[in-house]
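here's a sequence, model it:
(chains A, B, C and D)
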4 protein chains.
Amino acid sequence: MSKNFNVILKSKIVNLQSLLYMNQSFIKQEKIRFQHVDYAGIVFYPRFLEMLNCLVEDWFEEALDRPFSKMHETNGIPTVDLKVQFKKAARLGAVLTKKLWVKHLGGASIVCGFSFEDEQENTCLEGEVTLVNVAFNEDRNDIKAAPFNEEMKMKISKYII
Amino acid sequence: MSKNFNVILKSKIVNLQSLLYMNQSFIKQEKIRFQHVDYAGIVFYPRFLEMLNCLVEDWFEEALDRPFSKMHETNGIPTVDLKVQFKKAARLGAVLTKKLWVKHLGGASIVCGFSFEDEQENTCLEGEVTLVNVAFNEDRNDIKAAPFNEEMKMKISKYII
Amino acid sequence: MSKNFNVILKSKIVNLQSLLYMNQSFIKQEKIRFQHVDYAGIVFYPRFLEMLNCLVEDWFEEALDRPFSKMHETNGIPTVDLKVQFKKAARLGAVLTKKLWVKHLGGASIVCGFSFEDEQENTCLEGEVTLVNVAFNEDRNDIKAAPFNEEMKMKISKYII
Amino acid sequence: MSKNFNVILKSKIVNLQSLLYMNQSFIKQEKIRFQHVDYAGIVFYPRFLEMLNCLVEDWFEEALDRPFSKMHETNGIPTVDLKVQFKKAARLGAVLTKKLWVKHLGGASIVCGFSFEDEQENTCLEGEVTLVNVAFNEDRNDIKAAPFNEEMKMKISKYII
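Presented below is the predicted three-dimensional model:
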């Protein structure tokens, strides 16, 4: 069997493995803490967006092998667009299930869908967020969009729904 | 001149005064603090939404005569929908001009437009936020939508653009 | 064997069990998130105090059977005194081990010691915090100190070091 | 009159001017916002420390001519020790008067006293905080203590009480 055929075969197997994990959401849980709630005892909405940022952070570290602690010396993924519908208040002590998936993968940007559900599977919030891959210049005082490489694109694409 | 006519006249004058101040934005400034910025030295986006909440808070207190400190014993105005485009990073020390106006006034809800501009009049972010007027039940563990009264509607409508 | 003797025996066993778990710290871990760090890439110190509050919150829920979600309708445990030495910066991605123990148990107050250590067992911060048990009045607009009951005291005292 | 004498005279005048402003506190006001308060409607204590950080930030910019926006590219002043007594709850809408002064000026560190008072001049909190002047290394991944220069020491010393 030629070396070339082997490479093709290996690549096919990788693709098959990828297929097994296609079309999935990235899922994490987070408990509503005292520091999240307001005077009415419900989550103050900017805290929900901190929770969303944690979800993206976990996705990059656990699923895309690109932990923020490494990435943020030279790169970032700022949020450029955000749409959220807040549907049901979440109270102190509730454990929310946070889901993230990819709606569109561009050259240097990703549009992600997300939803947060409570223990009774009510949707507390849902929406979409657009992230752009950027690189810092040397002095870390300016940024510009930088395309994702092929490996990164393959990892991200497993979460396209 | 009849008493009735006087009342009508007074009401006309009030309406005229209102007209003078129609179609305006509510405007406040806020300085970017150390606590707002992230590892890249730019505002972490959930902090922008705290700044937006402060803008709504100031608008209710200064323009609508309904300070949160009074309102939040019996009522609230939770955010039910939020759309934001983040257009330009804001850095430590920048002074942003925050503008809010009304795009649609419903029975118990308001759709507000907003924009934050830096000192060079670049738009850092803009978007729209939908607020719903709610009343707590007696035990403060549930809420329901409550229509704005006429006085409140009149005050809000001055900011319709 | 008399019923009375049985009760005494059972009570002795409970006391022995308690002794086994005496003089312990309550321990939790927390990962340093993007939202915790400042422009220098190290934890902004008010975020450390949010982490301390989470530690107290977990201790009340998991060890003292008094979850904040239940307690905060009628009671609270405000912090009245805080001393912290910040000894070593903690960076994005680090996992800290947070320890809490009781230095003094008063009638309506507790003095707790705490320390946060990084993965190399360096102490990032340590200090002590005094909490007071309070009850709200009916309108939830005032509080007064309220003694811990005997059951609560027993649970707390297991953490005296 | 010799040029030398002129210089001495000028220096004396500067010293006299400095004396006029000796032994003062640096004072700012801050309003309690919705985002500062907890489920009980009182300030969540880590928010008080954000307000303390803002006070230090304003002091450096307005009184010491060393704005954080300039300083934080190469230097920082991390907090290494903090002692706070929380004496009275502060509620939504209250305007606090924040005072800062210098208790001890070391080579590369300052011990500051602080107090926050409400409109009735009740002390809500008071304490002391120790700041250390540090310089980043070139890669911005490590810091070391750096002595204050003479000009900075002179500016700081006006706030010694």
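
for chain A, what lies in contact range of chain C?
A:33-35, A:41, A:50, A:53-54, A:57, A:67-70, A:72, A:91-93 (Cβ under 8 Å from any Cβ of the partner chain). C-beta here means a position set from N, CA and C on the backbone, and glycine is covered the same way.

please redo it, this time with the cut-off set to 6 Å
Within chain A, the positions lying close to chain C (Cβ under 6 Å from any Cβ of the partner chain) are A:33-35, A:50, A:54, A:57, A:67-69, A:92-93.

which secondary structure element is home to the residue nearest the centre of chain A?
Computing the C-alpha centroid of chain A and ranking residues by Cα atoms, centre = their mean puts A:Val56 first, at 3.5 Å. Here A:Val56 sits within helix A:45-58, counting by DSSP states H and E.

name the helices or strands packed onto whichever helix or strand comes after that helix?
Downstream of helix A:45-58, the first helix or strand assigned by DSSP H and E is helix A:68-71. The contact analysis (3 or more Cβ pairs under 6 Å, 6 or more residues apart in numbering or on different chains; DSSP states H and E) places helix A:68-71 against no helix or strand.

next helix or strand past helix A:68-71?
strand A:75-76.

direction included, what does that next one pair up with?
strand A:134-136 (antiparallel) (DSSP bridges).

which parts of chain A are helices?
A:3-20, A:45-58, A:68-71, A:150-157 (DSSP state H).

dump the residues of chain A next to chain C to JSON lines, plus neighbour count and pLDDT.
Formatted as JSON lines, the residues of chain A next to chain C follow (neighbours: other Cβ atoms under 10 Å in any protein chain shown; pLDDT from 0 to 100):
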{"residue": "A:Arg33", "neighbour count": "18", "pLDDT": "97"}
{"residue": "A:Phe34", "neighbour count": "22", "pLDDT": "96"}
{"residue": "A:Gln35", "neighbour count": "20", "pLDDT": "97"}
{"residue": "A:Glu50", "neighbour count": "21", "pLDDT": "98"}
{"residue": "A:Cys54", "neighbour count": "17", "pLDDT": "98"}
{"residue": "A:Glu57", "neighbour count": "22", "pLDDT": "97"}
{"residue": "A:Pro67", "neighbour count": "15", "pLDDT": "94"}
{"residue": "A:Phe68", "neighbour count": "22", "pLDDT": "91"}
{"residue": "A:Ser69", "neighbour count": "19", "pLDDT": "88"}
{"residue": "A:Leu92", "neighbour count": "24", "pLDDT": "94"}
{"residue": "A:Gly93", "neighbour count": "17", "pLDDT": "95"}
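
and those residues, which is closest to B:Asn133?
Nearest to B:Asn133 among those, counting by Cβ to Cβ, is A:Leu92 at 23.5 Å.

contacts only, for that closest one.
Contacts for A:Leu92 (Cβ atoms under 6 Å, 6 or more residues apart in numbering or on different chains) come out as A:32, A:37, C:69.

if we use 7 Å, what do you get?
A:32, A:34, A:37, A:41, C:68-69, C:72, D:39 (Cβ atoms under 7 Å, 6 or more residues apart in numbering or on different chains).

any chance of these in TSV, with distance to C:Met154 too?
What follows is the contacts of A:Leu92, written out as TSV (distance: Cβ to Cβ, whole Å):
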residue	distance to C:Met154
A:Ile32	29
A:Phe34	24
A:Val37	30
A:Gly41	30
C:Phe68	20
C:Ser69	23
C:His72	23
D:Tyr39	27
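
chain A against chain D: which residues are in contact?
A:34-35, A:37-39, A:41, A:44, A:92 (Cβ under 7 Å from any Cβ of the partner chain).

same thing but at 10 Å, please
A:34-35, A:37-42, A:44, A:46-47, A:73, A:91-92, A:139-141 (Cβ under 10 Å from any Cβ of the partner chain).

now the buried members of the residues you listed.
Among the residues of chain A next to chain D, those classed as buried by 16 or more other Cβ atoms under 10 Å in any protein chain shown are A:34-35, A:37-42, A:44, A:46-47, A:91-92.

relative to B:Ile77, which of those is nearest.
A:Ala40 (10.6 Å).

gap between that closest one and chain B?
Plainly put, A:Ala40 is 5 Å away from chain B if you go by Cβ to the nearest Cβ, to the nearest Å.

just checking, A:Leu55 touches A:Leu100?
Yes: here A:Leu55 reaches A:Leu100: they are 5.3 Å apart, a contact under Cβ atoms under 10 Å.

can you find the helix or strand of chain A with the lowest average pLDDT?
helix A:3-20 (a mean of 60; mean pLDDT, DSSP states H and E).

and A:Leu82, how close does it get to chain D?
From A:Leu82 to chain D the distance is 18 Å (Cβ to the nearest Cβ).

contacts only, for that residue.
A:49, A:52, A:114, A:127-131, B:45, B:48-49, B:82-86, B:125, B:127 (Cβ atoms under 10 Å, 6 or more residues apart in numbering or on different chains).

selection in PyMOL covering whichever of those are buried, please.
To isolate the buried subset of the contacts of A:Leu82 in PyMOL, counting by 16+ other Cβ under 10 Å, use the following:
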select buried, (chain A and resi 49+52+114+127+129+130+131) or (chain B and resi 45+48+49+82+83+84+86+125+127)
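
among the contacts of A:Leu82, name the ones in strands.
The strands, defined by DSSP state E, take in A:114, A:127-131, B:82-86, B:125, B:127 from those.

next, give me the two most distant ones among these.
Farthest pair in the ones in strands among the contacts of A:Leu82, by Cβ to Cβ: A:Phe114 and B:Leu125, 19.3 Å.
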